[in-house]
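In: got a sequence here, can you model it:
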Amino acid sequence: MPDLNILLVNFLASLPTYLLNGVLAVLYWLGDSGAALASIVCACLILRFVDARAQAPSAFRPGRSGRDAQNTTLYTAQVMTILVIALWIGGQWGMGAPVPWLGAAMWIGGTGLLLVIRLQGQTLLWNVKTGILVYTLAVIGSRLYLAYTAQLSPDQWAALIGSAEGAAALIAGTRGSLTTIILWALLLVIPLGYFAMLTQQVLANPMSLVNPLTGAGELIKRYRTRGSGRQP
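Out: Residues are numbered from 1 along each chain as shown. Predicted coordinates for the structure are as follows:
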């Protein structure tokens, strides 16, 4: 019995340490996987609330020659979202900050605008996905290039160039310059271009002074309804 009391006291004394280590482990895990989780959450929001809304007009088929209108089930928008998020998760996997978080910021910014703003909804949806896809392909391409060049020995470089001296000059100059360009593109150029595109899409049309979140289609419908209700 005394041994049991000692074990219980030791466990209670060590419990805060265990809890603290658990919290730190969760924080470290979120730091490593938080960007991917945020991207997946954004992709799920797009799939649930945006893709279906954008796909609905394309799925509708008006009736002709007395036939009733039909709704054809299409999942083009959803398939593209799944493709983009799958490529992004695979492309950024194992990379250190800030590339994963820059991609997550692109997902968060694009998803937020898609959920709030409905002006040019399909165009904005396309630009969000293609912008993230371009960044994903740039990340994958840069990783493949750096991995390939890192495996080449000076002799292999010499076989490509023709001489050891030419290989040494190429390794010293070209590789460093290309790596710098890749870093600038991944860390600054592509993300800034993406957010500039989102800003341009938001400011492309004037907002409604009555309801800033009203979409262009809703405005047109409202004006037509008012016009048809007027007496001649």
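In: low pLDDT regions in the chain?
Out: Residues of the chain that meet the criterion pLDDT under 70 lie in 1-4, 11, 18, 22-32, 56-74, 119-120, 152-175, 205-232.
In: in it, which spans are strands?
Out: Assigned strands in the chain, in chain order: 60-61, 70-71 (criterion: DSSP state E).
In: would you map the helices across this protein?
Out: For the chain, helices defined by DSSP state H occupy the ranges 2-45, 52-59, 76-92, 99-116, 121-151, 154-161, 164-170, 176-184, 190-202, 216-229.
In: roughly how far apart are residue 89 and residue 196?
Out: Residue 89 sits at a distance of 25 Å from residue 196 (criterion: C-beta to C-beta, to the nearest Å). In short, each C-beta sits where N, CA and C put it, glycine included.
In: as CSV, the helices of the chain with mean neighbour count would be great.
Out: Formatted as CSV, the entries for these read as follows, by neighbours: other C-beta atoms under 10 Å:
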stretch, mean neighbour count
helix 2-45, 12
helix 52-59, 14
helix 76-92, 18
helix 99-116, 20
helix 121-151, 16
helix 154-161, 13
helix 164-170, 14
helix 176-184, 12
helix 190-202, 16
helix 216-229, 11
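In: what sits against residue 131?
Out: Applying C-beta atoms under 8 Å, 6 or more residues apart in numbering to residue 131 gives the contacts 106, 110, 193-194, 197-198.
In: now do 7 Å
Out: With contact taken as C-beta atoms under 7 Å, 6 or more residues apart in numbering, residue 131 is in contact with 106, 194, 197.
In: gap between the last one and residue 52?
Out: Spelled out, that is residue 197. Spatial separation of residue 197 from residue 52 under the definition C-beta to C-beta is 24 Å.
In: give me the neighbour count for residue 51.
Out: The burial metric for residue 51, expressed as a neighbour count using other C-beta atoms under 10 Å, is 23.
In: quick one: the nearest residue to it once chain neighbours are set aside from residue 10, how far?
Out: Nearest-residue entry for residue 51: residue 77, 3.9 Å, with adjacent residues in sequence omitted and distances by C-beta to C-beta, 6 or more residues apart in numbering. Counting by C-beta to C-beta, the separation of residue 77 from residue 10 is 58 Å.
In: residue 129 reaches residue 80, doesn't it?
Out: Yes - the pair formed by residue 129 and residue 80 meets the contact definition of C-beta atoms under 7 Å, at 5.7 Å.
In: next, the contact list for the nearest residue to residue 129 once chain neighbours are set aside, please.
Out: Computed as C-beta to C-beta, 6+ apart, the closest residue to residue 129 that is not its neighbour in sequence is residue 84, at 5.3 Å. With contacts defined as C-beta under 7 Å, 6+ apart, the neighbours of residue 84 are 129, 132-133, 136.
In: now with 10 Å?
Out: When contacts are counted by C-beta atoms under 10 Å, 6 or more residues apart in numbering, residue 84 touches 39, 43, 46, 107, 128-133, 136.
In: out of these, who's nearest residue 202?
Out: Here the nearest of the contacts of residue 84 to residue 202, counting by C-beta to C-beta, is residue 128; it sits at 11.7 Å.
In: related to what we said a few turns ago, mind listing the shared neighbours of residue 129 and residue 80?
Out: Common contact partners of residue 129 and residue 80 (C-beta under 10 Å, 6+ apart): 46, 51.
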